[in-house]
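Undergrad: Give me a model of this one.
(4 chains)
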2 protein chains.
Amino acid sequence: MKKRSAIGIRDLASHLGMSISTVSRAMNGSPEVSKETQDKIRAEAERLGYRPNQSGRSLRSGSTNTVALTMRTDIGRTVAGETFFMALSEGLQASLSSAGLDLLILPCSSDQDQNEFLYRAVDRHLADAFVISNVQRYDPRIDYLRRGDVPFVALGSSETKGDYAALDLDFAGVARAAVDRLTAAGHRRILLGLTSQDTNSNFAFLHGYQKGLSDAGLPFDEELVLRPYDRIAGGAEIASALLDMKVRPTAVLLIQETMAMGLYQKLNQAGISPGKDVAVIGFRENPVCRYLAPTLTSFRVDLRAYGYRLGEVMIRELNLSRKPEANAAPRLELFPMLLVDAESG
Amino acid sequence: MKKRSAIGIRDLASHLGMSISTVSRAMNGSPEVSKETQDKIRAEAERLGYRPNQSGRSLRSGSTNTVALTMRTDIGRTVAGETFFMALSEGLQASLSSAGLDLLILPCSSDQDQNEFLYRAVDRHLADAFVISNVQRYDPRIDYLRRGDVPFVALGSSETKGDYAALDLDFAGVARAAVDRLTAAGHRRILLGLTSQDTNSNFAFLHGYQKGLSDAGLPFDEELVLRPYDRIAGGAEIASALLDMKVRPTAVLLIQETMAMGLYQKLNQAGISPGKDVAVIGFRENPVCRYLAPTLTSFRVDLRAYGYRLGEVMIRELNLSRKPEANAAPRLELFPMLLVDAESG
DNA sequence: CGAGGCATCGCAAACGTTTCCGAAATTCTG
DNA sequence: CAGAATTTCGGAAACGTTTGCGATGCCTCG
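TA: Residues are numbered from 1 along each chain as shown, chains lettered A, B, ... in the order given. All right, here's what the predicted structure looks like:
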């Protein structure tokens, strides 16, 4: 059963007539071994197909040269998460590999607690560093990682205090810009579609929305904020709510662009045409937006670049000699997004 | 820097006043240690927050208790891809965890060679077993894994011979059923939209299509087979081709349902209404299909169940005492799909 | 020419766990 | 009740790698 007699460093060393330590150093590019010997060893390693065993290596050195990205599979299952994680990890991978790091994704299913899930991965030392996604407004994982002194980057902002790195899309900025645009076009009642999750992005989006309103001297009406559960079907919910209102809003701002599908459908059924009777703006452009009719005005982000930047931040964290300050503010970086001027708003 | 003074099995043993071996056995549920001692050890482990170090464990035992799913990120970046892998890995995870196995996703970006990518992961012994996806028509990874005697399941069928397990959606069956349905409705010229990739699913789909035609006594016309590169935009290409044909096809069968978006748009622009003037059937239903107008007729698969089944097959493979037969046929299992009778065809 | 420095490499001790083997304690058998 | 069988546990050797330290040879410099 355990047939796999892979070639080990010992075999390689004896083939070469050299010591294990020299071979090890050569494979790791240590300056202590001469250039020629390195080349010879590398060549022989290639010839014999030797690749260092990761377990032995990380057992001894304590590092795996790997960073793990945690991902909730139930999030991605909505059409929403769509291209997000794939494109992101593509950029992340590219960025990390330039520093000799590997990427690995840890999928956390909906029936698992995402906190316990992370703790387990950390304790088993599956990776040297972690990217946590689906960050909650107050996220205990952040404290855990900081306490354990394991490097990480939060993908998404949080209210949890402390000295750590975080990267997020500019939810607040986008919401504000969208509201600015709508008020400039004369809209005064703007429906806001959030999600039911307790993520910080909801709050940031809401704050941007409020800021945009006050910029225009408009009052904030709690009734105009909706938090449907499902993504696509949530759009229909929002449409229904809109249709039921006595003073009907003339614009809708969606944190989830896929909500536009349900919204469009429901509005059309009611004889209200989106983009004409009601302006619609979505948060993040995705390929589907371009095939809605009318095409959906939204904000574009280069997800691959976003992932690449995420990797850069991670590499910085790994090289950081940490002097943890207790109550410092998170080092939050917001990634820019660009307005895509389409037909719906 | 290496502050992480995690608690080890030695600490736990000395805390308990027992030997390391007993503790190790207790943690692994060995029958050699009495029930009471096990409980006591488990409790203390819980109290101290001890979790076995994965590196040490797998170095000694040679197994990681982990299966890896390889995934191309450029595939997933298409709209359908991500919901596919997310839902799949959710089911897979559930299934594997019932056998005490962990799941881990290895993302392979578009600028990496997916063969080398796998070889590296295998040689470094990142996981005990692998699920390879994006299986090519002749896939060298299969030979590699068989030669190395590492357990794996191919997610997707292949022409590569040998004694190995494979699981796939029933592309051929679906294509045939779709064609049967269309010919029964009187269609005689059916456009077929494949992808430009060299995957076996393209061939299976084509074969099912041909079988369906011959069932109805219709000739096969190579001209009716299109292989656009992009998914959504590919739909537009197909529409253009359709419009240009002298004898215009009255139905379209798509291996990629997202092609329907571009197809619909282009057809509508030309004054041809899909579902009325031209019947359209897609391969796999996804949430978007329901929001197309007209709704897209397609075939449904419970992706979570698909993933769950994948896990079961994997577990079977892991328990299999392998006596590799050289030229045996792959043990291919086809997962059933269900017709969703919608408006477009 | 001798002493010190540098470049290059080998020896052996870890890293944390599993597991073979033997020892001790307990129960069973005749 | 003696001996055998069984249960329960501890000692210690691995697993494959990295790395501190010491050894060797060679070069340089006073």
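Undergrad: is it true that A:Gly345 touches A:Asp277?
TA: No. A:Gly345 lies out of contact with A:Asp277 (CB atoms under 8 Å); the separation is 11.6 Å. C-betas here are computed from N, CA, C, even on glycine.
Undergrad: May I see the buried residues of stretch A:252-272?
TA: A:252-267, A:272 (16 or more other CB atoms under 10 Å in any protein chain shown).
Undergrad: and the end-to-end length of it?
TA: Using CA to CA, to the nearest Å, the end-to-end distance of stretch A:252-272 comes out at 13 Å.
Undergrad: For A:Lys266, which non-adjacent residue is closest in space?
TA: The shortest distance from A:Lys266 to any residue other than its chain neighbours is 3.4 Å, reached at A:Ala239 (CB to CB, 6 or more residues apart in numbering or on different chains).
Undergrad: picking that back up, so which of the buried residues of stretch A:252-272 sit within strands?
TA: Among these, the residues falling in strands (DSSP state E) are A:252-254.
Undergrad: Within range of chain B, give me the residues from the stretch 201-345 of chain A.
TA: Residues of the stretch 201-345 of chain A that fall close to chain B, judged by CB under 8 Å from any CB of the partner chain: A:232, A:261-262, A:264-265, A:286-288, A:290-291, A:293, A:321-322.
Undergrad: just the residues of the stretch 51-200 of chain A that are near DNA strand D, which are they?
TA: Counting by CB under 7 Å from any atom of the strand, the stretch 51-200 of chain A comes close to DNA strand D at A:52-53, A:55-57, A:59-61.
Undergrad: Using a markdown table, please lay out these together with pLDDT, neighbour count and distance to A:Asp128.
TA: Output for those, formatted as a markdown table (pLDDT from 0 to 100; neighbours: other CB atoms under 10 Å in any protein chain shown; distance: CB to CB, whole Å):
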| residue | pLDDT | neighbour count | distance to A:Asp128 |
| --- | --- | --- | --- |
| A:Pro52 | 90 | 18 | 16 |
| A:Asn53 | 90 | 19 | 17 |
| A:Ser55 | 90 | 23 | 15 |
| A:Gly56 | 91 | 16 | 16 |
| A:Arg57 | 92 | 20 | 12 |
| A:Leu59 | 91 | 19 | 14 |
| A:Arg60 | 92 | 11 | 14 |
| A:Ser61 | 89 | 12 | 10 |
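Undergrad: Restricting to these, which residues neighbour DNA strand C?
TA: Filtering those for proximity to DNA strand C by CB under 7 Å from any atom of the strand leaves A:56, A:59-60.
Undergrad: closest to A:Phe117 among the residues you listed?
TA: Closest approach between these and A:Phe117, by CB to CB: A:Leu59, at 23.4 Å.
Undergrad: what helix or strand does the closest residue to that closest one other than its chain neighbours sit in?
TA: Closest residue to A:Leu59 apart from its sequence neighbours, by CB to CB, 6+ apart: B:Ser55 at 4.0 Å. Assigned by DSSP states H and E, B:Ser55 falls within helix B:54-61.
Undergrad: Contact partners for A:Ser196?
TA: Contact analysis of A:Ser196 by CB atoms under 8 Å, 6 or more residues apart in numbering or on different chains lists A:227-229.
Undergrad: redo that, cut-off 6 Å
TA: Applying CB atoms under 6 Å, 6 or more residues apart in numbering or on different chains, we find A:Ser196 in contact with A:227, A:229.
Undergrad: before we move on, what about A:Ala166?
TA: By CB under 6 Å, 6+ apart, the residues touching A:Ala166 are A:154, A:157, A:330, A:332.
Undergrad: isn't there a helix covering it?
TA: No. Counting by DSSP: H, G, I helix; E, B strand; the rest coil, A:Ala166 is not found in a helix; it is strand.
Undergrad: Please pick the buried ones from the contacts of A:Ala166.
TA: The neighbour count (16+ other CB under 10 Å) marks A:154, A:157, A:330 as buried among the contacts of A:Ala166.
Undergrad: Please flag which of these sit within strands.
TA: Cross-referencing the buried ones among the contacts of A:Ala166 against strands under DSSP E gives A:Ala154.
Undergrad: returning to what we had before: let me know the closest of the contacts of A:Ala166 to chain B.
TA: A:Ala154 (19.5 Å; CB to the nearest CB).
Undergrad: bridging residues for the residue lying closest to the closest one once chain neighbours are set aside?
TA: The spatially closest residue to A:Ala154, leaving aside those adjacent along the chain, is A:Ala166, at 4.1 Å (CB to CB, 6+ apart). On DSSP bridges, the residues paired with A:Ala166 through beta bridges are A:Ala154, A:Leu332.
Undergrad: What distance do you get for A:Ala166 to A:Asp139?
TA: Between A:Ala166 and A:Asp139 the computed distance is 10 Å (CB to CB, to the nearest Å).
Undergrad: Check A:Ala94 too.
TA: Using CB to CB, we find A:Ala94 at a distance of 27 Å from A:Asp139.
Undergrad: the more surrounded of the two?
TA: With neighbours defined as other CB atoms under 10 Å in any protein chain shown, A:Ala94 and A:Asp139 compare such that A:Asp139 has more, 24 against 19.
Undergrad: right, and the more buried one touches A:Lys161 too?
TA: No. Taking CB atoms under 6 Å as the definition, A:Asp139 is not a contact partner of A:Lys161, at 11.1 Å.
Undergrad: A:Arg120: neighbouring residues, count only.
TA: Neighbour count for A:Arg120, taken as other CB under 10 Å: 15.
Undergrad: Actually, A:Glu36.
TA: 8.
Undergrad: and what of A:Arg188?
TA: Around A:Arg188 there are 14 residues (other CB under 10 Å).
Undergrad: Need the three-state assignment for the nearest residue to it once chain neighbours are set aside.
TA: What sits nearest to A:Arg188 in space, not counting adjacent residues and going by CB to CB, 6+ apart, is A:Leu218, at 6.1 Å. Following three-state DSSP, we place A:Leu218 in the coil state.
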